[in-house]
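Visitor: Provide a 3D model corresponding to the input given below.
(3 chains)
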Amino acid sequence: MIEVEALTKRYGSTTAVDGLTFTARPGTVTGFLGPNGAGKSTTMRVVVGLERPTSGTATVAGRRYADLPAPLHAVGVMLDARSVHPGRTAYKHLLAMAQTHGIGKARVREVLAQTGLEPAANRRAGTFSLGMGQRLGIAGALLGDPATLILDEPVNGLDPDGVLWVRHLVRELAAEGRTVLLSSHLMHELALCADRVVIIGRGRLLADATVQEIVARSERAGAVRVRTTDPEALARELLTAGADVTPQDGGVLQVHGASVDDVGTAARRCGVTVLELGAESGSLEDAYLQLTGDSVEYRTADTLGRTR
Amino acid sequence: MSAATTVPGAARALATARSGPTFARLLAAEWTKLTSLRSPWWVAAVTVLVTGAITYLSAQASSVDSGFQPVDSLSTGLVLGQVGPLVLGVLVGAGEFRTGAFRTTFTLAPRRLPVLAAQVLALTAFALALAVAATAACVVGIWPPAASRGIAVDLTGGDAPGLMLGMVAFGVGLALFGLALGALVRRTVPAMLTGLFAVLILPIVLMMVSDPMVGADPASTGLVDGAVPTTVPGTLMAFSPGGAAQLMTIPASYGPIDGAPDLGPVGGGLVLLAWIVVLLAAAAVRLHARDVR
Amino acid sequence: MTAAVMGRPGSTGLRVLRAEWTKLTSVRSNVWIALGTVAVAAGTAYGLGLFVRPGDGRSGSWVVTSGFVLAQLGFLVLGVLVGTSEHTTGTARTTYTTVPRRLPVLAAQVQVTLLAALTTASVALGASYLATGGVRAVDAPALDLSVPGAARALLGFVLASAAVALLGVGLGALLRHPASALVAGVLLVLVGDHLLAMNPGRTTDTIRAFLPSSGARLLQDDAALAGLDAVTRGPQLGVWGGGVVLLVWVVVLLAAAAYRLSRHDVR
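Guide: Numbers count the residues shown, from 1 in each chain, chains lettered A, B, ... in the order given. Purely as a prediction, here's the structure:
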C-alpha cells in the first residue's frame, strides 16, 4: 500500500509536484502516467526517501519510507537503470544489495535466473544493453520479496519478449496480493497490465480511476465512425436529427449522440452510399492525450495538430 | 527466457520475520562494493610497485654517500606513492554519486549516515592492507642498496619502528582524506583536484616561498644555520593536510621542518585526523540534511 | 563517403572549428575555470610576492609570473575537460557520427583550446601585474623589461600556459577519463619535477630536464636560467630547451591520442 497525501515538492521557484494525492492498493497494478517532466520520477523518489517532500506525506505500508525497519523487504524499487556502478558485475551488485539485509547468495542466484540474467551474471553492468540494465533493476526490486514494488519505466528498452515477461510478472505480483506502482510511457502496455491509472500533469493529479473508467471518458468512446461518398449530405441529415458531427479526412464523419443504427438509417434517408460504418472504441491513449493536453511541457507541433 | 515466469520467492511467506540493515550488514555490503571494482586493485598494485621502486632508486642513489643510512631512505617512495591512497579514497567517496549507484544504496539504507560510516570502515581496512604492503615494498627497496654497502638494516631499533608505523598511518590517513573529500564534493574531478592541491601542490607552493632562489645570497634570506624562527609559510605547511601527513613519514629524531612549529609525527597525524573529521562531518551534514538526486 | 563530402561541403574544417568553439564556451564550467585561473594566477602572484625580500635572487618578472605554479593547473584542467568531454558525456556518438573522420574534431579541439588558453593567459598576466603592484611598492623588485630575458619571461608565461592546456587535451583524448588524465598531468607538469628535485643527481636531473615541467623554464629570465644550468647535473637546456621539451611532449601526446581516436572504436 502506497499512500501519497497532498504531496508538494519544490526546487527553488519550480514546483515539481503540487498537492498530489493518490493511493496504490494491494492486489492491484497502479499505472503512473504523465508527460515528461510531469513529476512522476520526483514523486517516486520522494516515496522512497531519496528526497524530502516540501509538504505533505508519502507512506508505504503506513510508514514513512525512512522509518521502515527493513526497506528492501518492504519495497522493491527500480528507479533508473543508471542506479548501478558500471564497473561492478551484476552478481556483485545484487550481492551487495542482499548483504545490507542479510539475504543469502541463493536468493541472488534465484533472481538472476528469474530475470534471465544468469548468463550475464559475471559481466560488468557498464557493458549491459538498456534492456539488460532494466532486467538487473527488476532483479534488484524482487530481491527482498517485497509486498510493494515501485518500478519506473520498467519496459523501457526491453525487447518484445521482455515486455511480455514484465506484463506477466506484474500481473502475477499483484495477483499474489502485492502492491505494484509502475510508470510507463507505453500507453498500450499500461492498458494491458494496469488495473488503475493515476495520471498527472505539471505535478497535479489529472485522473485517478480504473482503466475502463478512463477509457470511457475518451472523446471517441461511444462515437460512430462513418465513411460515405457524400459526407456533406449525410452531415446535414444527421445534424437535423440532433447529432453532433465532426468531419474528418477522407470523407469520414465522427458522430456523437447517435447509434450505428441511427446513422445507417439516416444514410438511407438521404440516399448516400455508406462505405464504412462502425462504433468507435475509446483508448487509454486518447483519454490520456485529452487529459494532458494542457500540461505537456515539450510537445511537437505535429501532435498539437492531431489532438485538436 | 520463458515469457511466463513464476515468482519463486513469493511462496516464502510475506510474514517471515525479516530484519533490515544493521551496521554489520552495511559493512559487509560496502566491503563487497569496494572489492568488486577493478580500480581499487589497480590503484593498490601500482601504488605498491611505484612506492617500492622509487624507494629502491632513491636508496640506491644515496648509497654512494659516505654517511648513508638505509632507514633514512625508507619513506622516499611515499612522496609519489601517496597519490595512490588519495585517488582510491576519492574514487570510493565520489564513485557512488558519479555513477548513480547512490540511488540503490540509499533506498536500501534510508538513514544514510550508517552507510558513510561503513564506507569509512571498509576503506580503512582496505587502505590499511595497502599501506602495509607499500611499507613492506619500501623495506624491500632499501635492502639491496644496504647490502651493497654491507650495512645491516635494523628495523627494530632507532627511528625504524616509529617511521614504519607513521608510513602506514600516512597511507590510511590520505585514503580517508580522499574519501571525505569525495563524499563531500560528490564529483570525481573537482574532488581529485582539491585533494591533489591540498596534499601535493600546496606544499610545493609553500616551499617556493621559503626556499631561496638558486644563486641567491643565503644570508639575505634568513635561512642560515642555527635556530630558524617559525614563519607563516612554515606554519601553513605544518597545518595543511599534505604537510601534516608528511610529518608522519619523517623520523622523529629529525626535528621540525625549517620555519614550521615542531608538531612531530604524532602531532602531524592529529592535524590530518582533524582535517578528515571536519570534512567527514561536513559530508555527513550534507548527506543527512539534503536530498540525494 | 568521399563523393558525398565532395559533392556537398559537409563538415569543413571551419565548421568543425566553430562547432567546437560553441561546445567549449557553452559549458558554464569552462568559463568559470578560465575566470578562476585568472584569479588564481593573480592571487598566487600577490601571495608569493609578499614573501619576496630584496636580494633573495627574485626578479621583477619572477614576481609577475610566479602565479604560474598554480595557474597551470587551471590550464591543465581546461585542456583535460576538452579532451575527455566527448568520452565522458557520451557526446562522442553525436560528434563522431557528424564528423566520421574524427581527426578534424581533435584538430579543432586543439585550436579552440589554444585560442582559449592564449586569451586566458594574457588576461591572467595582466591581472598578475596589477595584483602585484602593491607588493612592488614594498619590498619586491619592480618589473624592468631591460633586464635580459624579462620580456621573454612574460611571453613565456603565455606560451607555457597554452602548452600545458594542450598537454591536457592530449592526455584527456588519450586516456579518456578525466580523473586519470588529471593525475597524470599534475604529476608530469608539477609534482614529478618536485619529487625528483629532492634527490639531486645525474640520473634524476636528466629525467627532470626531459619532463614537461621543463617548460616552466620559459618563465625564467637570463640570470635565473644561468643559475639553473649551473647547478644541474643533467643536460643544460639553455634558453629555449625547456620550451622545446614541453612542445615535444604535447606533439607526442596529441599524436598518440589521434592514433587511438582513428584506429580504435569510440563507445
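Visitor: wait, residue B:109 sits on residue A:71?
Guide: Yes - between residue B:109 and residue A:71 there is a contact under C-beta atoms under 8 Å: 7.5 Å. To be clear about C-beta, it is placed using only N, CA and C from the backbone, and glycine gets the same treatment.
Visitor: which neighbours do the two have in common?
Guide: By the contact definition C-beta atoms under 8 Å, 6 or more residues apart in numbering or on different chains, residue B:109 and residue A:71 are jointly contacted by residue B:21.
Visitor: phi first, then psi, for the nearest residue to residue A:204 once chain neighbours are set aside.
Guide: Leaving out its chain neighbours, the residue that sits closest to residue A:204 by C-beta to C-beta, 6 or more residues apart in numbering or on different chains is residue A:18, at 5.0 Å. The phi and psi values for residue A:18, taken as degrees, to the nearest 10, are phi -130, psi 90.
Visitor: residues contacting residue A:18?
Guide: With C-beta under 8 Å, 6+ apart, residue A:18 has these contacts: A:8, A:39, A:202, A:203, A:204.
Visitor: give me the neighbour count for the first one.
Guide: Residues contacting residue A:8 under the criterion other C-beta atoms under 10 Å in any protein chain shown number 16.
Visitor: and it, what is it in contact with?
Guide: A:15, A:17, A:18, A:19, A:20, A:53, A:54, A:55, A:56, A:203.
Visitor: show me the domain layout of chain A.
Guide: Here the domain parsing of chain A from automatic domain parsing is A:2-216, A:224-279.
Visitor: export these as CSV, with columns for mean pLDDT.
Guide: As requested, the domains of chain A are exported to CSV (pLDDT from 0 to 100):
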stretch, mean pLDDT
domain A:2-216, 91
domain A:224-279, 87
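Visitor: which of those sits most buried?
Guide: Highest mean neighbour count of the domains of chain A: domain A:2-216, a mean of 20 (counted as mean count of other C-beta atoms under 10 Å in any protein chain shown).
Visitor: just give me how far that domain sits from the chain centre.
Guide: Offset of domain A:2-216 from its chain centre (C-alpha atoms, centre = their mean, to the nearest Å): 11 Å.
Visitor: just the endpoints, please. Distance across that domain?
Guide: Distance between the two ends of domain A:2-216: 26 Å, counting by C-alpha to C-alpha, to the nearest Å.
Visitor: got it, and stretch A:55-67?
Guide: The first residue of stretch A:55-67 is 18 Å away from its last residue (C-alpha to C-alpha).
Visitor: any part of it near chain B?
Guide: Yes - contact of stretch A:55-67 with chain B (C-beta under 8 Å from any C-beta of the partner chain) involves A:65, A:66.
Visitor: next, the contact list for residue B:131, please.
Guide: Contacts of residue B:131 were listed using C-beta under 8 Å, 6+ apart, and they are B:85, B:167, B:168, B:169, B:170, B:171, B:172, B:175.
Visitor: quick check, it in a helix?
Guide: Yes - with DSSP: H, G, I helix; E, B strand; the rest coil as the criterion, residue B:131 is part of a helix.
Visitor: now for the closest residue to it other than its chain neighbours: which residues touch it?
Guide: For residue B:131, ignoring the flanking residues on the chain, the nearest one in space by C-beta to C-beta, 6+ apart is residue B:171 at 2.8 Å. Each residue near residue B:171 by C-beta under 8 Å, 6+ apart is listed here: B:78, B:81, B:82, B:84, B:85, B:127, B:128, B:130, B:131, B:134, B:135.
Visitor: one more pass at 10 Å, please.
Guide: Going by C-beta atoms under 10 Å, 6 or more residues apart in numbering or on different chains, residue B:171 touches B:47, B:51, B:78, B:81-82, B:84-86, B:88, B:127-135, B:245, B:248-249.
Visitor: now, of the residues you listed, which are buried?
Guide: Using 16 or more other C-beta atoms under 10 Å in any protein chain shown as the burial test, these include B:47, B:51, B:78, B:81-82, B:84-86, B:88, B:127, B:130-135, B:245, B:248-249 as buried.
Visitor: just those: which are in helices?
Guide: Residues of the buried ones among the contacts of residue B:171 located in helices (DSSP state H): B:47, B:51, B:78, B:81, B:84-86, B:88, B:127, B:130-135, B:245.
Visitor: how about those, which pair is most distant?
Guide: Farthest-apart pair in these is B:133 and B:245; separation 18.4 Å (C-beta to C-beta).
Visitor: phi, psi of residue B:152?
Guide: Note on residue B:152: backbone dihedrals following degrees, to the nearest 10 are phi -80, psi 130.
Visitor: equivalent analysis for the one 3 residues further on, please.
Guide: Here the main-chain torsion angles of residue B:155 (degrees, to the nearest 10) amount to phi -90, psi 0.
Visitor: for residue C:75, what are its contacts?
Guide: Counting by C-beta under 10 Å, 6+ apart, residue C:75 has contacts C:33-34, C:37, C:41, C:68, C:113, C:116-117, C:120-121, C:124, C:160-168, C:185, C:189.
Visitor: before we move on, which element is it in?
Guide: In this assignment (DSSP states H and E), residue C:75 forms part of helix C:68-89.
Visitor: which parts of that helix are buried?
Guide: Using 16+ other C-beta under 10 Å as the burial criterion, the residues of helix C:68-89 that qualify are C:68-88.
Visitor: just stretch C:147-160 next, same as before
Guide: Buried residues in stretch C:147-160, counting neighbours by 16+ other C-beta under 10 Å, are found at C:147, C:149, C:150, C:152, C:153, C:154, C:156, C:157, C:158, C:159, C:160.
Visitor: among these, which lie within helices?
Guide: Under the assignment DSSP H, the buried residues of stretch C:147-160 contribute C:150, C:152, C:153, C:154, C:156, C:157, C:158, C:159, C:160 to helices.
Visitor: apart from its chain neighbours, what residue comes closest to residue B:245?
Guide: Among residues not flanking residue B:245 along the chain, residue B:272 sits closest, at 4.9 Å (C-beta to C-beta, 6+ apart).
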